[in-house]
Structure formats: C-alpha cells, structure tokens
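# starting from these lines, generate the structure:
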Amino acid sequence: MSDYNLPNNFYADLQKLSVRYAGVYLINKFFIRIVTDKRKADIPSYNYNDNSFSDDDQMMLQRENYPTLFHEYIHYIHEVSTMAGITQFYLNIVNRSIFSEFVRLPDTSIPLPVSGEKKLMFDKINRTLEAATGGSLHDLDDRLVFRIDHIDLFDFPAYEPSRDLDAPIKVPMITYSYLNEATGKEAQDSVYFGKYFIYEGLAHHLDQVVTAQLNRPLTPKRLVKPEYKLLELIARYYFPGIDERSMLELASMSLCYFNCGQRFIRMIEEAADVPYLSGFVMGIHNEVYDHFKEHEEEIKFTLEEIKEIFAKRAGMHAAASHLCDVMLNAYEQRMKRPTFEIDIIYSGHLKEMRSFVDLCDMVYELADEDKYMRDYAGTYLPNQLASDLQIFLCHVDYFQTSVAEVEEHCCPLYTFCPHRIRQEKPEQCAKTPRLAYEDHVEYGWCHYGRGIAYMTGQDVA
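This next block holds a predicted model:
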C-alpha cells in the first residue's frame, strides 16, 4: 500500500453533480435545478406581473421532467439519510466555522486566507472530504470507458475534528481502459472511487427504473456517461453475474459508512463468494442497522450541535434546523429500512418516497434569453423557510468560491432573484455577487449579502 495523493482545488467541484445534463443537485447546498425546454410563453398560466404560474402547470413541468427530477432527488436523499452524506455535512460546517474567523466583516467581503494553526485543521478536513468523495465527472472527461483493469487501495488518515485524531481508512483507486479519441487507440488512466461515483451510479440506475415504469425510452447503453457507468463496472469486475437490484442495494448500504468506496468494494468481493446472494444482502441489512444504532446518539448530538452553531442567526438557524431535522428523520428511517429508496422505486410506489424524505427546494430553469426572473423557484415549504434555505445556499456558495479562489462566478439565485440590486447591478450579480454585502446600506439586504453577513455569527436586521 502507498499513500493517497489528493487532487487540488476540490471545492471547485463541489456543486457539479450532473452539471452538464438536464438537472443538477447542488451538493451540500440541498437544492435542485431542473432544466426544461419551456419558455414562459409555453406555460399557459404564466403571470408576467409577478413571475408566477399555477400549481397545475408546475406539476406539468414535473411530469415532463420526472426521471431527471427523480435522479436529483435521489442525490438529495443520499445526502440527508446516509452516514457519508451527514458526516460530510458536519465536516463542511466545521470548515465554514474555521473560515468565518478569517472573514473581515464589516470592513470588506474579501476574506483572508485561512492560516496559522487553524489551517492545519482546515486542510485535514478538506483532504478527508476529498478522500471520501473520490473523483468526479471531470476526471473521466466524458471518455468511452471499456473496462476496469485493476483496483488498488491506498492508506489515508481521515481526520475526526470532534476527537482531534486521525482514523485510518483505505481509498480505492480504479485503473481503467478507455478510447483515446486523439489517437483512436485504447489507453489507460486512473481515478479515485468514493461517494461521488456511488451517488451517480445509484441515481442513474434508479432513474432508468423510473423511466421504464413511465414507459419512456431508456438511455442507450452506448450513450451512458462514464460517471454513471463506473459503479457497475466495478461491481462486475468482482462479480460479473450480480443482478442489478442486489448491486444497488449494496451500493446504497455502502453509503451508510463514511469510507463508502472501500465498503462497496468489500461488499461486492464478499458477495461474489457466497452461495446465496439474497441471504448475504439481508446480512448486510442487519449490519447497517447495528452500525446506525451504535452511532444514533452520536448523530443526534452532532445535529443538535450544528443547530447550536447557528443559534444567534435566526434565518440560518431556521435553515440549519430544518436540514438537521430532515437528516435525523431520514437517518432513523434508514436504520429501520436500510435500502428504502431501492425498495420503493422497484415497487413502483414512487409517491411513498416523500413519506421517508420530503423533496427539497428546486428551481425550474426556463429557456428564455432574458435571464432576469427567467426561472421559477418551487417549494413545498413555508415561504420564510424556503427563503432562509436560499440564504443558506448563498452562505455556502460564498464559502466555497472564496476557498476555491474563484474570482468571477454567478450568484446561484441570479435567474430568479427580484431584488433591487439584481435589477440595477446585474453584471455585478453575474460576476462578483459578494459585493452585495458592500452595497447593503444603499440597496438593502439581498439573500447573498445576508448569507455573507451571517459569517460573523450574529443576526442581521
């Protein structure tokens, strides 16, 4: 075994699950974007005065884009109901807390680089997040992947900030063969395997099950993106004859452990050698129950601790409390039924999913050229809570882009924000949204400015 070497600038990839496709789930921001082919004029009830439209027409958009919506919904479910998702949420909260000490409000929205003793802890957490997440779609570069050639496990000291110690895990590196389009010949490359590829493999297979249930055409095998294929390629590398449902159940249960990449590989290896696969899978169900039960009080304590971190900021506290409550409920649901999302989808009773994990907020992206109030934000939540969650999204975006040193980027609310600053300074919102903080005295608080202000640990009027 050799040491695991990490890629640079992990935060630049944090919000890029499925970014090139018909939908995107914004990781650690708990928000979905659905890309439609509709213009405002195509929506019968569209009201140009207040940029709204009827519930019936919203449901029409959902029905037309249902497999895509379900794909992103599955990402959200895994983010809030598994150990891989909840633990990384906690680690990100800790790192944002460290980062906030280097924010120079009220003087400027430009933060200082994290430095000194705090940087050591900050970097350890960042590296641990990278190790558990593994590679991303950018590493595969849309390649035509033929097969897995070999898999190596690398030692990595995962950092636990609550105990200030390193816990050893193993990070899988996958060596695969692909078509080099420049030469027309077969070539080899490697990618780290973790949460990202498990998320994408699960979501793709499950959205295809839903697509079939809706009698819609499936994605042809030759057009399946490599980030969707890697999970199955790894499973069949060890167990060529494994059936799809067993593979997906094992993948789902691997996410119930922080070191999910290694867990999935170990489960598949062991499954290949058992005489009765169904009995083995049921045994893993029992293991997951025991694992979740063992850590239940720790998870409850951690989620309460996260709520307390935001106690002095009313809006952020409401958003964080909502997310923590969703996570605790989903954790308890998964403890009772470790593969509930697989069971529900294969049963065809898709509406049952919301009784386990309610749908997060989303935005329908429309096709009009004018981007001002082009898109529509949908929610099942009370309006104030939905607004607080959008501020939370901006709060995380400010942190991520600051750490990644992204000089120009667009406010995540740019296409559905009616604020005065968005009307009068659209170029600023499209390139440097942090300046909304500097402008709040003249223009009032927009969501992005308020998200930055909450970095101080105090409430804002």
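# got the contact list for stretch 251-260?
Stretch 251-260 is contacted from outside by 78, 82-85, 87, 132, 158, 169-171, 194-195, 198-199, 201-202, 231, 235, 261, 263-264, 267, 284-285, 287-288, 291-292, 334, 338-339, 341-342, using C-beta atoms under 8 Å, 6 or more residues apart in numbering. Where you see a C-beta, it was placed from the backbone N, CA and C, and this is true even at glycine.
# narrow the residues you listed to those in strands?
Members of the contacts of stretch 251-260 lying in strands (criterion: DSSP state E): Ala158, Ile169, Lys170, Val171.
# not counting sequence-adjacent ones, nearest residue to Phe399?
Arg96 (5.1 Å; C-beta to C-beta, 6 or more residues apart in numbering).
# let me know the secondary structure of the one you found.
Look at Arg96: counting by DSSP: H, G, I helix; E, B strand; the rest coil, its state is helix.
# looking at it, it is touching Asp397, isn't it?
No. The pair Arg96 and Asp397 does not pass the contact test of C-beta atoms under 8 Å, sitting 11.4 Å apart.
# the two - which one has more neighbours?
The neighbour count for Arg96 versus Asp397, taken as other C-beta atoms under 10 Å, is higher for Asp397 (25 against 18).
# ok, now which ones touch that one?
Gln15, Lys29, His409, Cys411, Pro412, Pro433, Tyr448, Gly451.
# hmm, try it at 7 Å
Contact analysis of Asp397 by C-beta atoms under 7 Å, 6 or more residues apart in numbering lists Pro412.
# surely it is within a helix?
Yes. Under three-state DSSP, Asp397 sits within a helix.
# measure it to Ala22 for me?
Remark: distance between Asp397 and Ala22 (C-beta to C-beta, to the nearest Å) = 22 Å.
# go on, Lys195?
22 Å.
# just Arg374 next, same as before
17 Å.
# got the buried residues for stretch 32-47?
Residues Ile32, Arg33, Ile34, Val35, Thr36, Lys38, Lys40, Ile43, Tyr46 are the ones in stretch 32-47 that count as buried (16 or more other C-beta atoms under 10 Å).
# closest one to Arg143 out of these, please.
Nearest to Arg143, judged by C-beta to C-beta, of those is Val35 at 23.5 Å.
# surely the closest one touches Leu61?
No. Counting by C-beta atoms under 7 Å, Val35 sits too far from Leu61 to count as a contact (10.8 Å).
# can you map out the strands along the chain?
Under DSSP E, the chain gives strands at 23-26, 31-35, 145-160, 165-180, 185-192, 362-365, 376-378.
# of those, flag the one that's most buried.
Of all the strands of the chain, strand 23-26 has the most neighbours on average by mean count of other C-beta atoms under 10 Å, namely a mean of 24.
# can you flag the buried ones in the contacts of stretch 251-260?
78, 82-85, 87, 132, 158, 169-171, 194-195, 198-199, 201-202, 231, 235, 261, 263-264, 267, 284, 288, 291-292, 334, 338-339, 341-342.
# wait, doesn't Phe154 sit right on Pro168?
No. Using C-beta under 7 Å as the test, Phe154 is too far from Pro168 to be in contact (11.0 Å).
# any residues in contact with both of those two?
Between them, Phe154 and Pro168 share no contacting residue, judged by C-beta under 7 Å, 6+ apart.
# now Leu460: closest residue in space that isn't a chain neighbour?
Leu isn't right for residue 460; it's Val. Ala453 (4.5 Å).
# got the contact list for the one you found?
Contacts of Ala453 (C-beta under 7 Å, 6+ apart): Leu105, Tyr437, Val460.
# circling back to that earlier point, narrow the contacts of stretch 251-260 to those in helices?
78, 83-85, 87, 132, 195, 198-199, 201-202, 231, 235, 261, 263-264, 267, 284-285, 287-288, 291-292, 334, 341-342 (DSSP state H).
# going along the chain, name the helices of the stretch 351-461 of the chain.
Under the criterion DSSP state H, counting those that start in this stretch, the stretch 351-461 of the chain carries helices at the ranges 353-356, 383-403, 420-424, 426-431, 435-438, 440-443, 447-453.
# list the contacts of the fourth one.
Residues outside helix 426-431 that contact it (C-beta under 7 Å, 6+ apart): Glu408, Cys410, Cys411, Tyr414, Ile421, Arg422, Leu435.
# quick one, which of these are buried?
Cys411, Tyr414, Ile421, Arg422, Leu435.
# any idea how far the residue lying farthest from the centre of the chain is from Ala251?
The C-alpha centroid of the chain is most remote from Pro275, which lies 36.2 Å away (C-alpha atoms, centre = their mean). Pro275 sits 22 Å away from Ala251, taking C-beta to C-beta as the criterion.
# what's the answer for Gln88, then?
For Gln88, the distance to Ala251 - C-beta to C-beta - is 17 Å.
# more neighbours: which of those two?
For Gln88 and Ala251, the more surrounded residue by other C-beta under 10 Å is Ala251, and the numbers stand at 27 against 21.
# so where's the stretch 351-461 of the chain shaky on pLDDT?
In the predicted model of the stretch 351-461 of the chain, residues 461 satisfy pLDDT under 70.
# try 90
378-380, 404, 406-407, 456-461 (pLDDT under 90).
# coming back round to it: now the buried residues of stretch 32-47 in JSON lines, with pLDDT and distance to Thr219?
Formatted as JSON lines, the buried residues of stretch 32-47 follow (pLDDT from 0 to 100; distance: C-beta to C-beta, whole Å):
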{"residue": "Ile32", "pLDDT": "93", "distance to Thr219": "20"}
{"residue": "Arg33", "pLDDT": "92", "distance to Thr219": "20"}
{"residue": "Ile34", "pLDDT": "91", "distance to Thr219": "17"}
{"residue": "Val35", "pLDDT": "92", "distance to Thr219": "16"}
{"residue": "Thr36", "pLDDT": "92", "distance to Thr219": "19"}
{"residue": "Lys38", "pLDDT": "93", "distance to Thr219": "22"}
{"residue": "Lys40", "pLDDT": "95", "distance to Thr219": "29"}
{"residue": "Ile43", "pLDDT": "94", "distance to Thr219": "27"}
{"residue": "Tyr46", "pLDDT": "94", "distance to Thr219": "31"}
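# what would those residues look like in JSON lines with distance to Asp139?
Shown next, in JSON lines, are these (distance: C-beta to C-beta, whole Å):
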{"residue": "Ile32", "distance to Asp139": "24"}
{"residue": "Arg33", "distance to Asp139": "22"}
{"residue": "Ile34", "distance to Asp139": "26"}
{"residue": "Val35", "distance to Asp139": "23"}
{"residue": "Thr36", "distance to Asp139": "29"}
{"residue": "Lys38", "distance to Asp139": "33"}
{"residue": "Lys40", "distance to Asp139": "38"}
{"residue": "Ile43", "distance to Asp139": "38"}
{"residue": "Tyr46", "distance to Asp139": "40"}
